[in-house]
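# This is a predicted model, with the sequence first.
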Amino acid sequence: MEPVQSSDLMLRIEKMGVTYPGNVLALRPTTVDFHKGEYTVLLGLSGAGKSTLLRSLNHLVRPSTGKVISAELGALETITTVRRHRCKTAMVFQHHQLIERHTALQNVLMGRLAYHSTWRSLFPLPRQEQELALHCLDRVGLAEKALTRVDQLSGGQQQRVGIARALAQQPAMILADEPVASLDPATSERVLTLLRDICREDGITAIISLHQLEYAQRFADRIIGLANAQIVFDAAPAQLQQCHLDEIYHGAPGVLPEADETTNPTPQSANTPSIKLEIAQ
Ligand SMILES: Nc1ncnc2c1ncn2[C@@H]1O[C@H](COP(=O)(O)OP(=O)(O)OP(=O)(O)O)[C@@H](O)[C@H]1O
């Protein structure tokens with residue numbers, strides 16, 4: 001299939017649905033476009049389908065129906081296309097998935113492995129690659145921790161190493177699955193600010209699943225709200241109204257922050273670890 005023609009299109013999912021074994025419907029057939037440089041937050045209750053949507057974008061979860069189409073590569077229909085797509089699509093995970101007994105630098109170098117053959121990765125990577133990894137650590141403010149074992153770093157520092165590893169991959173797109181779910185509010189803000197600033201500077205498309213409404217409103221260019229395995233809201237944060245929240249949180253009493261709080265986040269809600277708790281108030 002030919003790549004999709006559109007100047008700012010990064011990725012399209014077309015009638016893509018996911019049903020897990022046991023007939024668990026996780027995502028109804030969905031068509032949606034993601035654009036270059038856009039910072040999209042996926043919002044929704046636990047089980048709404050955020051991780052499934054996110055992980056299907058690089059076929060970590062294989063769609064049961066429909067397809068993922070890269071603007072550059074076309075439909076992800078062959079192993080080669082999926083590999084090339086994954087090479088340019090970095091992931092940041094909730095539990096960062098670092099090798100804890102390795103140094104920060106060694107972990108960041110893992111981001112380069114997609115560019116090397118299996119046998120080549122058995123040997124130290126060239127100096128040029130090590131310098132790139134060090135530069136990535138520097139961008140997340142951790143150059144001085146390069147030779148520190150990851151298990152000696154704080155949770156926030158570990159997640160910054162996870163971001164540096166993603167950057168070392170020189171991605172066109174970053175998929176982040178609840179990257180701040182295990183962090184305290186102040187650290188969460190720092191990590192999300194860092195991620196947004198780097199994506200803006202480098203023109204990286206970011207798609208991030210979050211539970212915290214206030215962070216979604218503060219950081220996103222676009223919010224996609226999911227409920228019951230389908231998209232129920234897809235627009236800029238300023239368009240998000242109480243009725244949309246009611247739909248995303250299906251009837252739970254969602255709390256929409258005051259208008260000026262969207263540009264100036266509220267410390268009181270930042271203390272709340274997730275919207276799931278906030279809406280239960
Ligand atoms: N590997 C799997 N096998 C079977 N069912 C699964 C699997 N992964 C997820 N599910 C189910 O698919 C649905 C969507 O799950 P998903 O993890 O995408 O939701 P989520 O919105 O990311 O939730 P959370 O915020 O808790 O991570 C849920 O009903 C979940 O139980």
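Happy to help now that I have it. Numbering: from 1, shown residues only.

# which SS class is the residue nearest to the spatial centre of the chain?
With distances taken as Cα atoms, centre = their mean, Ala176 lies nearest the centre of the chain, 1.9 Å away. At Ala176 the chain is in strand, as set by DSSP: H, G, I helix; E, B strand; the rest coil.

# do the one 4 residues further on as well
Of the three states, Val180 takes coil according to three-state DSSP.

# check contacts around the residue nearest to the centre of the chain.
Residues in contact with Ala176, defined by Cβ atoms under 8 Å, 6 or more residues apart in numbering, are Met91, Val92, Phe93, Leu195, Ala206, Ile207, Ile208, Ser209. No exception for glycine: its C-beta is placed from N, CA and C like everyone else's.

# So which residues of the protein form helices?
Per DSSP state H, the chain carries helices over the ranges 50-56, 79-87, 104-109, 127-139, 155-168, 185-202, 213-219, 242-248, 267-270, 275-278.

# quick one: average confidence on the fourth one?
When the per-residue pLDDT values of helix 127-139 are averaged, the result is 89.

# likewise the first one?
The average pLDDT for helix 50-56 rounds to 96.

# and it, anywhere near the ligand?
Yes. Remark: helix 50-56 sits within contact range of the ligand at Lys50, Ser51, Thr52, by Cβ under 6 Å from any ligand atom.

# Mind giving me the packing neighbours of that helix?
Here helix 50-56 touches strand 9-20, strand 24-35, strand 39-44, strand 173-177, strand 205-209, strand 222-227, going by 3 or more Cβ pairs under 8 Å, 6 or more residues apart in numbering; DSSP states H and E.

# export these to TSV and tack on distance to Leu132 and mean pLDDT?
TSV is the format used below for the helices and strands packed on helix 50-56 (distance: least, Cβ to Cβ, whole Å; pLDDT from 0 to 100):
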stretch	distance to Leu132	mean pLDDT
strand 9-20	23	96
strand 24-35	26	96
strand 39-44	24	96
strand 173-177	17	96
strand 205-209	20	97
strand 222-227	30	96
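
# Just put the ones you listed in CSV and tack on distance to Ile163.
Below are these laid out as CSV (distance: least, Cβ to Cβ, whole Å):
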stretch, distance to Ile163
strand 9-20, 19
strand 24-35, 20
strand 39-44, 14
strand 173-177, 8
strand 205-209, 11
strand 222-227, 21
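
# Export the helices of the chain as JSON lines, with columns for mean neighbour count and distance to Arg149.
JSON lines is the format used below for these (neighbours: other Cβ atoms under 10 Å; distance: least, Cβ to Cβ, whole Å):
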{"stretch": "helix 50-56", "mean neighbour count": "23", "distance to Arg149": "29"}
{"stretch": "helix 79-87", "mean neighbour count": "15", "distance to Arg149": "27"}
{"stretch": "helix 104-109", "mean neighbour count": "25", "distance to Arg149": "8"}
{"stretch": "helix 127-139", "mean neighbour count": "17", "distance to Arg149": "14"}
{"stretch": "helix 155-168", "mean neighbour count": "24", "distance to Arg149": "11"}
{"stretch": "helix 185-202", "mean neighbour count": "18", "distance to Arg149": "20"}
{"stretch": "helix 213-219", "mean neighbour count": "24", "distance to Arg149": "30"}
{"stretch": "helix 242-248", "mean neighbour count": "17", "distance to Arg149": "41"}
{"stretch": "helix 267-270", "mean neighbour count": "14", "distance to Arg149": "31"}
{"stretch": "helix 275-278", "mean neighbour count": "18", "distance to Arg149": "33"}
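
# who wins for proximity to Gln97 among those?
Nearest to Gln97 among the helices of the chain is helix 155-168 (7.3 Å), distances taken as Cβ to Cβ.

# Need the residues that contact that closest one.
For helix 155-168, contacts defined as Cβ under 8 Å, 6+ apart pick out 90-93, 96-98, 104, 107-112, 132-133, 136-137, 139-142, 145, 150, 153, 174, 179-180, 182-184, 187, 190-191, 194-195, 198, 202.

# How is this structure partitioned into domains?
Annotated domains of the chain cover 9-88+172-278, 99-170 [automatic domain parsing].

# can you redo the helices of the chain as JSON lines with distance to Gly22?
Formatted as JSON lines, the helices of the chain follow (distance: least, Cβ to Cβ, whole Å):
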{"stretch": "helix 50-56", "distance to Gly22": "14"}
{"stretch": "helix 79-87", "distance to Gly22": "25"}
{"stretch": "helix 104-109", "distance to Gly22": "35"}
{"stretch": "helix 127-139", "distance to Gly22": "40"}
{"stretch": "helix 155-168", "distance to Gly22": "31"}
{"stretch": "helix 185-202", "distance to Gly22": "33"}
{"stretch": "helix 213-219", "distance to Gly22": "30"}
{"stretch": "helix 242-248", "distance to Gly22": "25"}
{"stretch": "helix 267-270", "distance to Gly22": "37"}
{"stretch": "helix 275-278", "distance to Gly22": "24"}
